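# would you be able to build a 3D model of this:
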Amino acid sequence: MFVATLVASASLSQGDIAEAVGRLSVAGCAPVDSAWLDEGKAADIFFGADPVAARAVLADLGAVDVIVQPAQGREKKLLIADMDSTMITVECIDELADYAGIKAQIAEITERAMRGELDFAGALHERVALLKGLEDAAIDRCRAERVVIMAGAKALVRTMKARGARTLLVSGGFTRFTGPVAEEIGFDGAVANVLEIADGALLGTVTVPIVDAARKRAELEAAVAGGIDRALTLAVGDGANDIPMIEGAGLGVAYHAKPRTRAAADAEIVHGDLSVLLYAQGIASADWADFNA
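Coordinates of the predicted model:
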């Protein structure tokens, strides 16, 4: 049995559900039942066949995100997530570059790297080199003034943790950002690159080996090797360097992502925020952790 979870960015009607059921029937997916998760916001449709076809026919339901997956094992025991433009709303290196007066130059490189047009390692070293001489204090200023937690991030992480899942933040960014962000959101741990600093200024280098796409996938594989069923893992990210971990997870999700990442993912979030991933696990909002506590 499979489940298609529909989550509206505004409102979901019974007519929207009926439209989805009809499309599944025509596609031969054999829908059998539907149920509200949160009335007017999110619903499940259970069906018996062809999840690939189901995803295709439900891809254009308006401002509605659709997650298609096996019904069994939909609640996950591991969340492994990217940080920049996924768990937070910005790319930290771009914002940090603004304090050096070179945001446009670095942001262009970041965009190309996230689209998979540039080698990630080379692009990282190139951008960090351009920050050589920037005062160390700019990092803390940048974090305080520019970093905003993504909507739904705290609810997602804290609810999964409260239900027994492990949560890990994996970033091609920098520890000076990931540490505080992971703590604020509630992650169990974080992995990121280390900016090298001396005499109060950036040296223009990072500690090697760097955290890249391979390292992100390796963190997922380590969790699986440690006893977490791969089918019960969830990976989410937006850039090309997230593709290996997205492909390796039980449910790999592209979040407001670049085209290559969207093509590689099992599911994507285009309209809503990260709370869509709680509905995808069958968890209604009444059962979310209090992330304001």
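# what strand or helix carries the residue lying closest to V253 once chain neighbours are set aside?
Nearest residue to V253, sequence neighbours excluded (Cβ to Cβ, 6 or more residues apart in numbering): V236, at 4.4 Å. Backbone N, C-alpha and C define where each C-beta goes, glycine included. Using DSSP states H and E, V236 sits within strand 233-237.
# which residues does that strand contact?
Contacts to strand 233-237, defined as Cβ atoms under 8 Å, 6 or more residues apart in numbering, come from residues 76-82, 86, 216, 220, 223-224, 242, 245-246, 248-255, 257, 261, 274, 277, 281.
# for stretch 238-246, same thing?
The contact list for stretch 238-246 (Cβ under 8 Å, 6+ apart) reads 80, 82, 84-86, 113-116, 120, 170, 172, 212-214, 216-217, 219-220, 235-237, 252-258, 260-261, 264-266.
# beta partners of I269?
Listed beta-bridge partners, I269: Y255 (assigned using DSSP bridges).
# which residues of this structure fall in strands?
For the chain, the strands defined by DSSP state E occupy 2-8, 31-38, 42-47, 64-70, 78-81, 166-174, 189-193, 195-198, 201-206, 233-237, 251-255, 267-269.
# deepest-packed of those strands, please.
By mean neighbour count, with neighbours taken as mean count of other Cβ atoms under 10 Å, strand 233-237 ranks first of the strands of the chain at a mean of 29.
# who does that strand pair with, and is each partner parallel or antiparallel?
Counting by DSSP bridges, the strands paired with strand 233-237 are strand 78-81 (parallel), strand 251-255 (parallel).
# outline the domain layout of the protein.
By the assignment in automatic domain parsing, the chain contains the domains 1-72, 75-93+148-196+206-293.
# quick check: mean pLDDT of the shortest one?
Okay, so that is domain 1-72. In this model, domain 1-72 has a mean pLDDT of 97.
# start and end of it, how far apart?
For domain 1-72, the first-to-last residue distance is 7 Å (Cα to Cα, to the nearest Å).
# just stretch 161-172 next, same as before
The first residue of stretch 161-172 is 23 Å away from its last residue (Cα to Cα).
# that stretch - what's its average pLDDT?
Mean predicted lDDT for stretch 161-172 stands at 97.
# PyMOL command for the buried members of the contacts of stretch 238-246?
A single PyMOL command is used to select the members of those judged buried by 16 or more other Cβ atoms under 10 Å:
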select buried, resi 80+82+84+85+86+113+114+116+120+170+172+212+213+216+217+219+220+235+236+237+252+253+254+255+256+257+258+260+261+264+265+266
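# burial measure for the nearest residue to T207 once chain neighbours are set aside, as a count.
Among residues not flanking T207 along the chain, V194 sits closest, at 4.0 Å (Cβ to Cβ, 6+ apart). Using other Cβ atoms under 10 Å, V194 has 14 neighbouring residues.
# what does G133 give?
Neighbour count of G133, defined by other Cβ under 10 Å: 10.
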